[in-house]
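Asks: need a structure here:
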Amino acid sequence: MSLKAQIQSDIKDAMRAKEVLKRDTLRSLSAEIKQVEVDERIEVNDERTIALIQKMIKKRNDSITEYKKGNREDLAEKEQGEIDILSEYMPKQLSDEELEAKVKEIIEKTGATSGKDMGKIMGMSAKEIGALADNKRISQMAKKLLG
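Replies: Residues are numbered from 1 along each chain as shown. Alright, predicted model coming up:
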């Protein structure tokens, strides 16, 4: 079953179980997928769906930061709940040790020696690591290894 079909099925299950937050979160993801399909006239595959989920999670993390600055813990908690739901559809993330090994390998392949080479590292890591770790973690690890 494709990820898109799984999401549709889970929307129906959430409706039956009256899980409002899950239903609404998955509906917004489904709408995001449909929007890409209409705009680009393509059928979204699992890889693209994961990229959309990553984008949605990043938006919600940014919102949490802003809500906490404004002392709106209630809204921050809602956003965190949505992140938890969306994260269920992401592939298992690499552990710090696995990520460090991958980034070391990429640094060796690119011949990077300083922070000026971050573009090369991030470009190659997007291809090799993909959705197994978010770009923020990859960047922090690369800075740590280079610094």
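Asks: From now on I want contacts and neighbour counts done on CA atoms only, so please keep to that.
Replies: OK.
Asks: and the nearest residue to Ile53 once chain neighbours are set aside, what element?
Replies: Excluding its sequence neighbours, the residue lying closest to Ile53 (C-alpha to C-alpha, 6 or more residues apart in numbering) is Leu86, at 6.5 Å. Assigning secondary structure by DSSP states H and E places Leu86 in helix 73-87.
Asks: So which other helices or strands are in contact with that helix?
Replies: When contacts are defined as 3 or more C-alpha pairs under 8 Å, 6 or more residues apart in numbering; DSSP states H and E, helix 73-87 packs onto helix 20-40, helix 46-69.
Asks: okay, the ones you listed in TSV with distance to Lys104 next?
Replies: Output for the helices and strands packed on helix 73-87, formatted as TSV (distance: least, C-alpha to C-alpha, whole Å):
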stretch	distance to Lys104
helix 20-40	34
helix 46-69	24
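Asks: now those in TSV, with mean pLDDT and distance to Asp117?
Replies: Output for those, formatted as TSV (pLDDT from 0 to 100; distance: least, C-alpha to C-alpha, whole Å):
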stretch	mean pLDDT	distance to Asp117
helix 20-40	97	33
helix 46-69	94	24
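Asks: wait, which of the ones you listed is closest to Ser139?
Replies: Proximity to Ser139 (C-alpha to C-alpha) singles out helix 46-69 among the helices and strands packed on helix 73-87, at 15.0 Å.
Asks: Run through the neighbouring helices and strands of the closest one.
Replies: Applying 3+ C-alpha pairs under 8 Å, 6+ apart, one finds that helix 46-69 contacts helix 3-16, helix 20-40, helix 73-87.
Asks: how does the protein divide into domains?
Replies: 3-87, 96-146 (automatic domain parsing).
Asks: could I get the helix holding Leu86 in CSV with only the CA atoms?
Replies: This file holds the C-alpha atoms of helix 73-87, laid out as CSV (Å, rounded to 0.1, in the frame of the first residue of the first chain):
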residue,chain,number,x,y,z
GLU,A,73,1.5,26.8,25.4
ASP,A,74,-1.9,25.6,24.3
LEU,A,75,-1.2,26.2,20.6
ALA,A,76,2.4,24.9,21.0
GLU,A,77,1.0,21.6,22.4
LYS,A,78,-1.5,21.3,19.5
GLU,A,79,1.3,21.8,17.0
GLN,A,80,3.4,19.2,18.8
GLY,A,81,0.5,16.8,18.6
GLU,A,82,0.4,17.3,14.9
ILE,A,83,4.1,16.7,14.6
ASP,A,84,3.7,13.4,16.5
ILE,A,85,1.0,12.3,14.1
LEU,A,86,3.0,13.3,11.0
SER,A,87,6.1,11.7,12.3
